[in-house]
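*Asks:* Sequence first, predicted model second:
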Amino acid sequence: MKFYLDTANLEQIEEVASWGVLAGVTTNPSLYAKEGGKLADFENHLKKIATMVDGPISGEVTAETADEMFEQGKKIAAIAPNMIVKVPMTVEGLKACKKLYDAGIDVNMTLVFSVPQAILAAQSGARYISPLVGRFDDNGQDGLEQLHNIIFAIDNYEFDHDVEIIAASIRSVNHVTQAALMGADIATIPYAILKKCVKHILTDQGLESFKRDWEKVTSA
């Protein structure tokens, strides 16, 4: 499973990139607004991210009609060779996805919450499909079960292009663990959760034990 960072924070991206594990970045309007982003700097901000990470960078459209999404998507894709256009799962989003696919532009279909939506996204040309696990949980449903169903369904079929499932809206280390066990291609993870993935109490205890024993050696 590949690890993406779900953020628009440049410092977080730079830090995780230094670990040697960062395969991509996903952003959305909410994450950009959280960083105090301004409309005039939006494309430049995405360009900065794209230069920091070799892998795919998802920039989300904000338009509502297919034609407007397509035009905005072309601008996002033109920012850098590794830019991916994130499009919402709606009828207009499907239309835009088809147009972008026909234009040779990779799409990440977001706000996917059901098996039929996932299959429709793949059939319309989406390169990436993003079920939002945490938002299922927020709505009183089992987000991991829904993720499993989507992965299983997509794996049943062959499409005329590569399709990868991105486990999104990750809220815990367990979400990451279960997504990996289910065979999700990618997990896009907030910085705080990714840091927790590195930690384990037995690792900490082992380091303390090694440190104590080494102090005995050096003080002998």
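*Replies:* Received, thanks.
*Asks:* residues contacting the one residue sitting closest to the centre of the chain?
*Replies:* Against the mean C-alpha coordinate of the chain, by CA atoms, centre = their mean, the closest residue is residue 188 at 3.4 Å. Residues near residue 188 by CB atoms under 8 Å, 6 or more residues apart in numbering: 4-6, 24-26, 130, 166-168, 170. C-beta coordinates here come from the backbone N, C-alpha and C atoms, glycine included.
*Asks:* Assign a three-state SS to residue 184, would you?
*Replies:* Look at residue 184: counting by DSSP: H, G, I helix; E, B strand; the rest coil, its state is coil.
*Asks:* ok, it - contacts?
*Replies:* So residue 184 contacts 1, 147, 151, 165-167 (CB under 8 Å, 6+ apart).
*Asks:* Point out where this structure drops to low pLDDT.
*Replies:* The chain contains no residues with pLDDT under 70.
*Asks:* how distant is the lengthiest helix in it from the center of its chain?
*Replies:* In the chain, assigned by DSSP state H, the helix with the most residues is helix 201-219. Offset of helix 201-219 from its chain centre (CA atoms, centre = their mean, to the nearest Å): 37 Å.
*Asks:* I'd like to know which elements it is packed against.
*Replies:* Using 3 or more CB pairs under 8 Å, 6 or more residues apart in numbering; DSSP states H and E as the contact test, no helix or strand touches helix 201-219.
*Asks:* Would you agree the residue nearest to the centre of the chain falls within a strand?
*Replies:* Yes: secondary structure of residue 188 (three-state DSSP): part of a strand.
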